[in-house]
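1. Pasting a predicted model and its sequence here:
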Amino acid sequence: GRGKRRVRGCKEKDDRQRQVDHHRLPVGTAIRPSSEVYIVEPHLLIGLNEGHRSLFLLSSIYSSGWRFLDIDDGMNIRRDVYLSTMKVVILGVSGYTGQVLAQLVLRHPRLELTGVHGHDSAGESLGSIVPGSEARFGGIIEPIGSDLGDAEVVLLALPHGVSQTLAPKLLDEGRVVVDLGADFRFADEADYEFWYRSHHQSPELLKRRIYGLVEVTRQDLPGARLIAVPGCYVTAASLGLWPLVARSFMSDDLVIVDGYSGVSGTGKSPKASTHFVSVNENLSAYGLLDHRHTGEMEMNLGRRVLFTPHLAPIGRGILATSYALPDQVKTPIMGDELLELYRGVYADSPFVRVTEQPPGTRQVQGTNFIAIHPVYDPRTNRYVVISAIDNLVKGAAGQAIQALNVSQGWPEELGLDQIGVWP
């Protein structure tokens, strides 16, 4: 077709790449070498088999997996199957973050959900807490501590302090571990103990973990076996200010961050402060002066941070407003020049949107995007940066999948192309 380019050499793929999981294909489907191959997307190749119009063969150029599209005589797709998937188990599926993890894994073409474990929901079906999942996962939720089978990836959405007791054994078993809690976010044991007021049970792993703030640490993630997913507030504030840090436009003085979170950010367990009558038509600060995410922001930005979180009467979302002094030597930049600085730093970051106007949480709800709006105020000599994310996706589960994608050499956006919820 027009605009398609012939690619030679596909037949020389090694035998390991040609191994397929035949039971996942429709009965009777023939698998033959492709005679014509075209690039149709940046990360996909497509081939039309000679004399057999019912099968397209696609190969990801970023990995060794194969994808098959089974089509009928009318060229309608009957089945879309990625092969060479990785088997995944989620520990902590009962909570909001675990539930969103399940949603993302079930729609990911290279991941196969083989088990879900949780405390509160053990014995129930996954569909009882993740509506609509029954068609893709028919198993029940197992208690934490149950056998993980042959899972290659373990996603941990557990309370702080639990992952550090499980990770050593999981790593010794050869599994990839992605921790969405705080146990491995700090590289320094003393920092963890200061902010979390407890001793770390596996301090030897802190130097091995890879921090999963993908837009900043992307180059460290390939091949990672222990990934620490950043906190939600941390993600919003750190990515909001990172271009100013990376290009040395920000001074070393105190940074101020005001954060606003939806109620889902406080977790699923009910408490007096999150009851409807406490949250509805109310905006309140909490964690004043000692919120645990403060230390993580300081680690990322290399500066002291005064952080004040607030609970907003919304279900999900985070809005962070960050204030920083400009560098004392460089002339501050503003307007279009400032926007272009941000766009340049994030040019290779598909989930960052630099906006012309201050964003709101609804703009990113249900997506893995972060929307950022930076300005400079000459009257007060301050950079002011507004950033918005979905706390359960970019602030947790989505970022975990994004980091896992990069660690495996897959396209960063794989399985994360969902459209936001609007209106």
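-> Everything's here; your move. Residues are numbered from 1 along each chain as shown.
2. residues near residue 125, how many?
-> 16 (other Cβ atoms under 10 Å). The way it works is simple: take the backbone N, C-alpha and C, and place the C-beta from them, glycine included.
3. which residues pair with it across the strands?
-> Note on residue 125: beta-bridge partners by DSSP bridges are residue 140.
4. pretty sure it is touching residue 135, no?
-> No: at 11.9 Å, residue 125 does not count as touching residue 135 under the criterion of Cβ atoms under 8 Å.
5. Distance of residue 394 relative to residue 360?
-> Residue 394 sits 15 Å away from residue 360, going by Cβ to Cβ, to the nearest Å.
6. Compare neighbour counts for these two and give me the winner.
-> Between residue 394 and residue 360, residue 394 has the larger neighbour count (other Cβ under 10 Å), namely 27 against 13.
7. so what's the more buried one up against?
-> Applying Cβ atoms under 8 Å, 6 or more residues apart in numbering, we find residue 394 in contact with 235, 351, 364, 367, 368, 369, 370.
8. Next step: the residues you listed restricted to strands.
-> Among these, DSSP state E puts residue 370 in strands.
9. Nearest to residue 214 among the contacts of residue 394?
-> residue 351 (8.0 Å; Cβ to Cβ).
10. burial of the closest one, as a residue count?
-> 23.
11. hang on, residue 248 packs against residue 327?
-> Yes: Residue 248 is within contact range of residue 327, at 5.9 Å (criterion: Cβ under 8 Å).
12. shaky segments in the chain?
-> Within the chain, the segments meeting pLDDT under 70 span 1-83.
13. Which helix in it has the most residues?
-> As assigned by DSSP state H, the longest helix anywhere in the chain is helix 232-246.
14. Can you point out the buried residues in it?
-> Using 16 or more other Cβ atoms under 10 Å as the test for burial, helix 232-246 gives 232-245.
15. Ok, stretch 273-293 next?
-> Buried residues in stretch 273-293, defined by neighbour count with 16+ other Cβ under 10 Å: 274, 279, 287, 291, 292, 293.
16. so which pair among the residues you listed is furthest apart in space?
-> Top of the distance list for these (Cβ to Cβ): 279 and 292, 21.2 Å.
17. circling back to that earlier point, in CSV, list the buried residues of stretch 273-293 along with secondary structure and distance to residue 419.
-> Below are the buried residues of stretch 273-293 laid out as CSV (DSSP: H, G, I helix; E, B strand; the rest coil; distance: Cβ to Cβ, whole Å):
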residue, secondary structure, distance to residue 419
274, helix, 29
279, helix, 28
287, coil, 33
291, coil, 32
292, coil, 33
293, helix, 29
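18. if we can go back for a sec, just the CA atoms of the following helix or strand past the longest helix of the chain, as PDB, please.
-> Using DSSP states H and E, the helix or strand that directly follows helix 232-246 along the chain is strand 255-261. Taking C-alpha atoms only, strand 255-261 is exported to PDB below (Å, rounded to 0.1, in the frame of the first residue of the first chain):
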ATOM      1  CA  VAL A 255      11.600  24.400  47.200                       C
ATOM      2  CA  ILE A 256       7.900  24.700  48.200                       C
ATOM      3  CA  VAL A 257       5.400  22.200  47.100                       C
ATOM      4  CA  ASP A 258       1.600  22.300  47.700                       C
ATOM      5  CA  GLY A 259      -0.100  19.000  46.800                       C
ATOM      6  CA  TYR A 260      -3.800  18.100  46.500                       C
ATOM      7  CA  SER A 261      -4.900  14.500  46.400                       C
END
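19. helices or strands up against strand 255-261?
-> Strand 255-261 sits against helix 232-246, helix 293-301, strand 305-311, strand 318-324, with contacts defined as 3 or more Cβ pairs under 8 Å, 6 or more residues apart in numbering; DSSP states H and E.
20. For the last one, which strands pair with it and how are they oriented?
-> Pointing back at strand 318-324 there. Note on strand 318-324: by DSSP bridges, its sheet partners are strand 255-261 (antiparallel), strand 382-389 (antiparallel).
21. Buried deepest among these, which one?
-> Of all the strands paired with strand 318-324, strand 382-389 has the most neighbours on average by mean count of other Cβ atoms under 10 Å, namely a mean of 24.
22. could you point out which element follows that strand?
-> Following strand 382-389 in sequence order, the next helix or strand is helix 398-407 (DSSP H and E).
23. Show me what that next one is packed against.
-> Secondary elements touching helix 398-407 (3+ Cβ pairs under 8 Å, 6+ apart): helix 96-106, strand 176-179, helix 214-217, strand 226-228.
24. closest to residue 412 out of those?
-> Closest approach to residue 412 among the helices and strands packed on helix 398-407 (Cβ to Cβ): helix 214-217, 7.1 Å.
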